[in-house]
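[1] Dropping a prediction and its sequence here:
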Amino acid sequence: HVQLVESGGGSVQAGGSLRLSCVVSGYTYSSICMGWFRQHPGKEREGVATFDSDGTTSYAGSVKGRFTISKDSTSNTLYLQMDALKPEDTAMYYCATTGDYFCHGFRYFNTWGPGTQVTVS
């Protein structure tokens, strides 16, 4: 049974940094596509970044150059380092996986964590 649990959210001033973590359990973490998504109040969930099983990363245009996705296979943890935060980054952030080897953009993600709130003022 796959489980994803995010942590690291909080409140920060504009220009500050936060690092989100997502602990994965239930299957071979290193061989699946993983991603971070976010949902602004009243809006649909949107993709932020993906980490492919071969190490390829991709980012939404709105966060490129400010956010960095990475993983630690030894601890089965996915990270999202967020720098130069802006008020428009305020959202609930979710970790997710497709369960497949390769990512296909932000499509086909079917397993989600409960989310962690990020507030930038």
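    It's in. Numbers count the residues shown, from 1 in each chain.
[2] in the protein, what spans have low per-residue confidence?
    Where the chain drops to pLDDT under 70, the residues are 27-30.
[3] Quick test: name the residue nearest the centre of it.
    The centroid of the chain falls nearest to W36 when counting by CA atoms, centre = their mean (2.2 Å).
[4] Could you name the helices and strands sitting against the helix or strand that contains it?
    Using DSSP states H and E, W36 falls within strand 34-39. Of the remaining helices and strands, those touching strand 34-39 by 3 or more CB pairs under 8 Å, 6 or more residues apart in numbering; DSSP states H and E are strand 18-25, strand 46-51, strand 67-72, strand 77-82, strand 91-97. (Glycine included, C-beta is placed from N, CA and C.)
[5] which residues are in contact with the last one?
    By CB atoms under 8 Å, 6 or more residues apart in numbering, the list of residues contacting strand 91-97 from outside reads 2, 4-6, 9, 20, 22, 24, 32-41, 45, 48, 78, 80, 109-118.
[6] Weed out the non-buried ones from the residues you listed.
    4, 6, 9, 20, 22, 24, 32-38, 45, 48, 78, 80, 109, 111-113, 115-116, 118 (16 or more other CB atoms under 10 Å).
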